[in-house]
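> just a sequence and a predicted model for now, questions to come.
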Amino acid sequence: MDFDFNSFNGEISSSLGLLPRLQILSLRGNSFTGTIPTSLCNISSLRQIYLGFNSLTGFIPASIFNLSSLQIISLRDNKLSGPMPHVFFDMPSLQIFGLHMNKLSGGLPVDMFRHLPNLQKFDVSSNQFYGKLPSTLFKCKQLNYLRLSRNNFEGTLPPEIGNLTMLRNLSLQYNNFEGVIPNQIGNLRNLEEFAIDNNNFISSIPYEIFKISSLQVISMPMNNLSGQLPSNVGLFLPNLQILYLAMNELRGTIPNSISNASQLTGLDLAFNSFSGFIPKTIEGAFRSFDAECEVFRNIRHRNVVKFISACSNMDFKAFVLEYMPNGNLEMWLYSDSRFLNLLQRLNIMIDVAAALEYLHFGNATPIVHCDLKPSNVLLDEDMVAHVADFGIAKLLGDGDSMTQTMTLATIGYMAPEYGLEGIVSTRGDVYSYGILLMETFTRKRPTDNLPEKRINMANVLVGLHKVKLKFLRDIEGGNVRVSTN
């Protein structure tokens, strides 16, 4: 049963509990109020329940955790309050447990995770939970995402964190964790994002962190970290894009090895005690800067980020670009506090398509972006999309339809011929646009694990037909903004 993103209001009917064969209940993005009906807990066949993006209040019914067949519980973005029920969580099928953006409080039950062997995603960010993390949490060896940010958790991060070898995202920002960062973090060989902003971690940063080649984001500002950066910073991080270490007590020189992080686009070391020189051998950044200068000289379009000026010397290189107050598309797709409706997603993708059309056909020299992805789509105050980051862009001159490069784009978004042979063409941008389009409407990253059972084409066609009908209704109502430039 799927009634997502409509205009239903009032309380959720308790009569839904009279549907004994119901397996999926999805009521996201409406205006439902009141409490979660306890009658839903009578549906023993229920496997997936999605009640997010409503205004539900009250406690989470304890009896919901008696549904042993449940695979997904998603109650995000409501006004639920009270503690986590202290019940026996015997749910061997549970894979996703999402409670973020509510007003839940109290501590997590000590034995909560003891019988959740298949839990893959646990997200309770942006609530009011407190206390120490249960030791049973670190027995959930299938965990991919552990998001506990913006609560009041405390205590140390135990060495057992290294048992969660499937983790891809570990987000602990804005809590009261303390102590040292355990060396066992280095066991998390699949980790892509490690974020511990605004806690009370102390001592030096374990060098093992900088050997996790899958890492894209390392964010540790506003702690009490000290000592020097390990000499291997950047040496084993080919995918690192963000390194934020501001407002700590770090000292010493910035290692030259940071130049090996060729994908680095965000580096913040402010408010520390670093000394010496900024490494001049960050060749990847220099090449990226020169390429962007060449591109920006040629483009003017409402859906391409506006270039204002550039500053450059041997120690400092920067662009001055138009400020985009609504951040980037990736933030809106995966944030705990932001949400895009269907029409907004459609308008954004129309804007991106207009930008690509201009880059490919609006200049005497076609421009291939080469790295189209959500983080490179910026949003202004009116939610108009602007394509940004031309660091690995290529210019096609003299009638060329393609060229070659040694610089790889982001895994999951680049066309097969790009990844295998380094062949760059406008068709590769179109391929990336298709990936971006699917991600924007499904909120599934191209690098996410695929389900064991793929969706069939009939379901795809039904879904696309619904999008088409919604779009046509909005056109008739005059609610669609279409880019014309």
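Everything's here; your move.

> gap between the closest residue to residue 102 other than its chain neighbours and residue 159?
With CB to CB, 6 or more residues apart in numbering as the criterion, residue 102 has its nearest non-adjacent residue at 4.3 Å, and that residue is residue 80. Every residue, glycine included, has its C-beta placed from N, CA and C. Using CB to CB, to the nearest Å, one obtains 33 Å as the distance from residue 80 to residue 159.

> now swap in residue 248 and tell me
If you go by CB to CB, the gap between residue 248 and residue 159 works out to 22 Å.

> could you do residue 143 as well?
The value you get for residue 143 to residue 159, if CB to CB is used, is 16 Å.

> now residue 245
Note on residue 245: its distance to residue 159, by CB to CB, is 23 Å.

> about what we covered before: and residue 248 and residue 159? which has more neighbours close in?
For residue 248 against residue 159, the residue with the higher neighbour count under other CB atoms under 10 Å is residue 248, and the figures read 22 against 13.

> show me what contacts the closest residue to the more buried one other than its chain neighbours?
With CB to CB, 6+ apart as the measure, residue 225 is the residue that lies nearest to residue 248, at 4.2 Å, once sequence neighbours are left out. When the contact criterion is CB atoms under 8 Å, 6 or more residues apart in numbering, the partners of residue 225 are 181, 201-205, 245, 248-250.

> residue 386: how many residues sit nearby?
Other residues within reach of residue 386 by the criterion other CB under 10 Å amount to 22.

> so it lies in a strand, does it not?
Yes. Membership of residue 386 in a strand is supported by DSSP: H, G, I helix; E, B strand; the rest coil.

> check contacts around it.
Remark: with contacts taken as CB under 8 Å, 6+ apart, residue 386 is in contact with 302-306, 322, 324, 351, 355, 377-380.

> next: residue 253.
Contact criterion CB under 8 Å, 6+ apart gives 228, 274-277 as the residues in contact with residue 253.

> could you do residue 113 as well?
Residues 89, 119, 134, 136-137, 139-140 are the ones in contact with residue 113 under the rule CB under 8 Å, 6+ apart.

> which residue is the nearest non-sequential neighbour of it?
Nearest residue to residue 113 in three dimensions, chain neighbours excluded: residue 136, at 4.1 Å (CB to CB, 6+ apart).

> please enumerate the strands of the stretch 1-150 of the chain.
Counting by DSSP state E, counting those that start in this stretch, residue ranges of the strands within the stretch 1-150 of the chain are 9-11, 24-26, 31-33, 48-50, 57-58, 72-74, 79-83, 96-98, 103-106, 121-123, 128-131, 145-147.

> what packs against the fifth one?
For strand 57-58, the elements it packs on are strand 79-83, judged by 3 or more CB pairs under 8 Å, 6 or more residues apart in numbering; DSSP states H and E.

> list the pairing partners of the strand it packs on within its sheet, with orientation.
Each strand that pairs with strand 79-83, with its direction, by DSSP bridges: strand 57-58 (parallel), strand 103-106 (parallel).

> let me see the mean pLDDT of it.
Averaging pLDDT along strand 79-83 yields 96.

> go through that strand and flag the buried ones.
By neighbour count, and taking 16 or more other CB atoms under 10 Å as the criterion, the buried residues in strand 79-83 are residue 80.

> residue 395 is in contact with residue 364, isn't it?
No. Distance between residue 395 and residue 364: 10.2 Å, which falls outside the contact criterion (CB atoms under 8 Å).

> what about residue 234, is that helix, strand or coil?
Assigned by three-state DSSP, the conformation of residue 234 is coil.

> actually residue 333, not the one I wrote
Judged by three-state DSSP, the three-state class of residue 333 is helix.

> which residues sit in contact with it?
For residue 333, the contacting residues are 340, 374, 439-440, 443, by CB under 8 Å, 6+ apart.

> equivalent analysis for residue 68, please.
When contacts are counted by CB under 8 Å, 6+ apart, residue 68 touches 90-93.

> look at the nearest residue to residue 98 once chain neighbours are set aside and report its pLDDT.
Counting by CB to CB, 6+ apart, residue 98 lies nearest to residue 74, which is 4.4 Å off, once chain neighbours are set aside. pLDDT, residue 74: 95.

> kindly report the same for residue 364.
In the predicted model, residue 364 carries a pLDDT score of 75.

> any idea how far it is from residue 247?
Distance from residue 364 to residue 247, counting by CB to CB: 47 Å.

> do a quick rundown of the helices in the stretch 301-450 of the chain.
Under the criterion DSSP state H, counting those that start in this stretch, the stretch 301-450 of the chain carries helices at the ranges 329-334, 342-361, 416-421, 426-442.

> report all helices and strands that the second one contacts.
The helices and strands touching helix 342-361, judged by 3+ CB pairs under 8 Å, 6+ apart, are strand 367-368, strand 377-379, strand 385-387, helix 426-442, helix 457-476.
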